[in-house]
Structures are given as structure tokens and as C-alpha cells.
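**Student:** Below is the sequence, then the predicted model.
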Amino acid sequence: PILYEHPAEVGADRIVASLAAFEKLGGPAIVVDFGTATTFDAVSEKGEYLGGAIAPGIQSAAESLYLKTAKLPRIDIVKPKHAVGRTTVASMQSGVYFGYVGLVSKIIEVIKNEIGKNAKVVTTGGFASLILPELDGVAVHEPFLVLEGLRIMYEKNRS
């Protein structure tokens, strides 16, 4: 069941990723997808899709600094050597990287407070492997979670 107020608004990728997470880990579960947007999806203990949160993706955020300011350059998204940058590029990399670690950690924390402290966290998406080492309590990283969800959906509906 999709308990979103307007179920048609939820992206199919979010639904199938949540299905795969529930099938693999049970519930409650939180899916964090590091794509163009960073999405957080909450699944109840019974497997109900509850909703979630959507934040700009890490690349989108870094790109907006370049596009929307006069002097900030385009940067590569990497883990900086130090939190205190000594160049503009290093400062931007620190802000983007550690800012996302904080954003993701905090959103996971508040979702767990709502759906259950025992919620299992699964990550997926292109930038997950960069941020994952900084996150506590991630049960599993599944790079192909959406594809796995599509397979599960197919299997459930083929008869």
C-alpha cells in the first residue's frame, strides 16, 4: 500500500526501490537514493510506503554554486583532506561533502524517530559510495536496488 496523500505523485523508482528494500530487509526501512536528487523513502513495519524527503542531489548542489554565483568554480565531488579548506575549491568541497554527510545523517535520524529506531537503512545511487563511509547504521548498500525492485514487481505480477 502507498500511504502518500497523492500516490500518483510518487516516482516509480522510489516505489520499486522501497519494495526491494522491504523484500530484502523487512520493515521498517529507509531507502536513501543518491541521484540527481537525494531521496529518502520510509517503509513501515508492514511494508507500507509512508513517504519521505527529497533534497537536492550532491552534484546538483555543487553545480548550483558554480551556476548561481559570480566567482565560484565548478568542482569535483570528492572527500576533502580537511574540513577547513585553504582554497576556494577545497572550501567548496568541504562544504558540499560534509554538508551532505550532515544532511543525510540528520534526515535518517528524524525519519527513524518517526517510523522506529530499529529501521534498517539501505543506500543506492551514484554518490552513495562516496558518502557511505561517513554514515553510521547503514544496513546495506545496494547499487542496483531499483532494478531489483523492478524484478520483484515483475515476479509478483507475472501470473
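**Tutor:** Thanks, I have it.
**Student:** rest of the way, CA atoms for contacts and neighbours
**Tutor:** Fine.
**Student:** With just CA atoms, put stretch 105-115 into CSV.
**Tutor:** Extracted as CSV, the C-alpha positions of stretch 105-115 are listed here (Å, rounded to 0.1, in the frame of the first residue of the first chain):
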residue,chain,number,x,y,z
SER,A,105,22.7,11.7,8.8
LYS,A,106,20.1,14.1,10.2
ILE,A,107,17.3,13.1,7.9
ILE,A,108,17.9,9.4,8.6
GLU,A,109,17.8,10.3,12.4
VAL,A,110,14.5,12.1,12.2
ILE,A,111,12.8,9.5,10.0
LYS,A,112,13.9,6.8,12.4
ASN,A,113,12.3,8.9,15.2
GLU,A,114,9.0,8.8,13.3
ILE,A,115,9.0,5.2,12.0
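**Student:** now what about that stretch, what contacts it?
**Tutor:** The contact list for stretch 105-115 (Cα atoms under 8 Å, 6 or more residues apart in numbering) reads Pro28, Ile30, Phe40, Ala42, Ser44, Ala53, Asn118, Ala119, Leu135, Asp136.
**Student:** 10 Å - rerun?
**Tutor:** Defining contact as Cα atoms under 10 Å, 6 or more residues apart in numbering, one finds that stretch 105-115 is touched by 27-32, 40-45, 50, 52-55, 99-100, 102-103, 116-121, 134-138.
**Student:** got the buried residues for stretch 133-152?
**Tutor:** Across stretch 133-152, burial judged by 16 or more other Cα atoms under 10 Å covers Val138, His141, Glu142, Pro143, Leu145, Val146, Glu148, Gly149, Leu150, Ile152.
**Student:** oh, I was asking about stretch 4-19
**Tutor:** Buried, per 16+ other Cα under 10 Å, within stretch 4-19: Arg14, Ile15, Val16, Ala17, Ser18, Leu19.
**Student:** I'd like those laid out as JSON lines, including secondary structure.
**Tutor:** Formatted as JSON lines, the buried residues of stretch 4-19 follow (DSSP: H, G, I helix; E, B strand; the rest coil):
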{"residue": "Arg14", "secondary structure": "helix"}
{"residue": "Ile15", "secondary structure": "helix"}
{"residue": "Val16", "secondary structure": "helix"}
{"residue": "Ala17", "secondary structure": "helix"}
{"residue": "Ser18", "secondary structure": "helix"}
{"residue": "Leu19", "secondary structure": "helix"}
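**Student:** Quick check: the farthest pair among those?
**Tutor:** Largest separation among these by Cα to Cα: Arg14 and Leu19, giving 8.6 Å.
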